[in-house]
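Participant: make a model of this:
(2 chains)
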Amino acid sequence: MFNQCRLRLKMTERTHKKRVLVGKPGLDGHDRGAKFIAHALRDAGFEVVYTGIRRSPEEIAAAAIQEDVHAIGLSSLSGAHMRLFPAVVEALSKAGAPEIPVLGGGVIPDEDIVALKQAGIVEIFTPGTPVDTIIKAFHEACEKKSAG
Amino acid sequence: MTIDRLLEGLKARDPRAIGRAISLVENGDDCAEAILSSLDEDLIAKATVLGITGPPGAGKSTLTNAIISQLRLSRKRIGIIAIDPTSPISGGAILGDRIRMMQHATDPDVVMRSMATRGRLGGLCATAGAALRIMASCGCSTIIIETVGVGQSEMDIIRLADITLLVLAPGLGDDIQAMKAGLLEVADLLVVNKADCKGADILAMDLEAVIRKGSPIPTKVSMTVATESKGIKELLDRIDKVDSEHRESGEREKRRRGAHDQEVLDWCLEILRPKLLAEISKRKLPLLGDPRLEAKKILAEQ
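Facilitator: Numbers count the residues shown, from 1 in each chain, chains lettered A, B, ... in the order given. Purely as a prediction, here's the structure:
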């Protein structure tokens, strides 16, 4: 009840709700990780647009623009991250939104992380990363985007 | 993005500008007024607003997706506002309605936006009205608003939409549920989705038996299987029919007038709320006083 009142009060005030998109590009259907992160972000106060599995990079970019999100989180467990994560960055660029930061997670070997960061992925998370680290990275990515 | 560039972008129907404009209005940004006063009132007046409501899991998003596909055959530009609940604990939300509609993600004439309730009860969010006006002003001739999954009395959508569909599915309760007061009585069209599932015919029969009694709405329930696009064309024909009837009889005008006044009232109350709350806490009222009497006293002194 108290929380409800607090939320209602915010309606006419200026708010800075952080909005993020979580999705899975490519044909990989293992969505447990993506769902876990979406849930954790929700519990950290983010509005999470969840677009589900088997999306093309163009679909993710178009959705991110329509939803005006501050950041995008991608998950890939199939080994196709080297192709798909940069493809999302490129699709955003083509759609005129190169400033939306992209973060990624999944089963990703160390040597790929360097290459992915060079390709414009802001952060990469591998299995075992504490969820607080991931949430903090999303907060930072969102703030950077708002400032820019 | 500067406000001038944003307003230019809105005129050019740029998806980035539309997305940003909705965020700024939703967040109560200072430039919200400039955005809202720049909109094309003629286009807003012409657009049809279709409300889709129903309990969680009835198939609202899937039905919306099927309706989009059908409407796109006639090249119409469509807006979709899909609302999901905000967590009362964290203030966060999972906006998952898009999953069912991703096939339209790259269609430039399907403008979609997910919104969280942000504490508002009644099935909508406070700025759904503003978002739909932005979409209409950017050329969307039909705008679909999908509410959160509702129970029996979340009826805000009836006010905002020109036509409201109540989507039900078999397996959610017995015939007594159909007799209860509330949403069932005020929806324009009833849809039984998942019509290929057991119990769909019985549900439709129960509903028809209940709404037959002197109700202005057509007594026939629409049957759909949204996942297979079955019954969608028939449903849209019925929506068109109700829409033109409402336009001819003046019902549409009457509803829009009522909705507009009500939304103005809502915003008056929202704007007053923080001031009143400050006044109340300033007074340090004794716990024993009757709240209603105290309220009258405070208002009389304003």
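Participant: residue B:266 sits in which helix or strand?
Facilitator: helix B:251-283 (DSSP states H and E).
Participant: how far does that helix sit from the chain's center?
Facilitator: 18 Å (Cα atoms, centre = their mean, to the nearest Å).
Participant: show the subsequent helix or strand relative to that helix.
Facilitator: Following helix B:251-283 in sequence, per DSSP H and E, is helix B:291-301.
Participant: that next one and chain A, are they touching?
Facilitator: No. Judged by Cβ under 8 Å from any Cβ of the partner chain, helix B:291-301 stays clear of chain A, getting no closer than 14.1 Å. Bear in mind the C-beta positions are built from the backbone N, C-alpha and C, glycine included.
Participant: pretty sure residue B:136 contacts residue B:44?
Facilitator: Yes. Shown here, residue B:136 and residue B:44 form a contact pair, counting by Cβ atoms under 8 Å, at 4.4 Å.
Participant: A helix includes residue B:111, no?
Facilitator: No. Secondary structure of residue B:111 (DSSP: H, G, I helix; E, B strand; the rest coil): strand, not part of a helix.
Participant: does it have beta-bridge partners, and which?
Facilitator: On the basis of DSSP bridges, residue B:111 is bridged to residue B:79.
Participant: report pLDDT for the residue in the stretch 51-200 of chain B that chain A sits nearest to.
Facilitator: Residue nearest to chain A within the stretch 51-200 of chain B: residue B:119 (2.8 Å; Cβ to the nearest Cβ). The model reports residue B:119 with a pLDDT of 80.
Participant: how many residues are close by it?
Facilitator: Neighbours of residue B:119 under the rule other Cβ atoms under 10 Å in any protein chain shown: 20.
Participant: hmm, residue B:298 is touching residue B:280, no?
Facilitator: Yes. Assessed by Cβ under 8 Å, residue B:298 is found in contact with residue B:280 at 6.7 Å.
Participant: please tell me how far the closest residue to chain A within the stretch 151-300 of chain B sits from residue B:81.
Facilitator: Distances between the stretch 151-300 of chain B and chain A by Cβ to the nearest Cβ are smallest at residue B:270, namely 4.7 Å. To residue B:81, residue B:270 is 19 Å away according to Cβ to Cβ, to the nearest Å.
Participant: so where's the stretch 201-302 of chain B uncertain?
Facilitator: B:212-219 (pLDDT under 70).
Participant: for chain A, what are the nearby residues on it?
Facilitator: B:270-271, B:273-274, B:277.
Participant: confirm that residue B:94 sits in a helix.
Facilitator: No. Under three-state DSSP, residue B:94 sits outside any helix and is assigned strand.
Participant: ok, residue B:136 and residue B:44, which is more surrounded?
Facilitator: Remark: of residue B:136 and residue B:44, residue B:136 carries more neighbours, 25 against 18, as counted by other Cβ under 10 Å.
Participant: so where does the more buried one fall, helix or strand?
Facilitator: helix B:128-137.
Participant: hmm, that helix touching chain A?
Facilitator: No. Contact of helix B:128-137 with chain A (Cβ under 8 Å from any Cβ) is absent, the minimum separation being 10.6 Å.
Participant: where does chain A have its least confident helix or strand?
Facilitator: Every helix and strand of chain A was ranked by mean pLDDT, DSSP states H and E. The lowest is helix A:2-9, at a mean of 39.
Participant: the helix holding residue B:266 vs helix B:128-137, what angle?
Facilitator: 140 degrees (axes from the mean of the first three to the mean of the last three Cα atoms, to 10 degrees).
Participant: buried ones in helix B:251-283, by neighbour count?
Facilitator: Buried residues in helix B:251-283, defined by neighbour count with 16 or more other Cβ atoms under 10 Å in any protein chain shown: B:251-252, B:255-256, B:259, B:263, B:266, B:270.
Participant: name the element residue A:21 belongs to?
Facilitator: Per DSSP H and E: strand A:19-25 holds residue A:21.
Participant: pLDDT on the helix or strand just after that strand, on average?
Facilitator: Next in sequence after strand A:19-25, counting helices and strands by DSSP H and E, comes helix A:32-43. The predicted model gives helix A:32-43 an average pLDDT of 95.
Participant: do helix A:32-43 and chain B meet?
Facilitator: Yes. On the criterion Cβ under 8 Å from any Cβ, helix A:32-43 is in touch with chain B at A:38-39, A:41-43.
Participant: how big is the angle separating the very next helix or strand once past that helix from helix A:32-43?
Facilitator: Elements were assigned by DSSP H and E; along the chain past helix A:32-43, the next helix or strand is strand A:47-55. Counting by the same axes, to 10 degrees, strand A:47-55 lies at 170 degrees to helix A:32-43.
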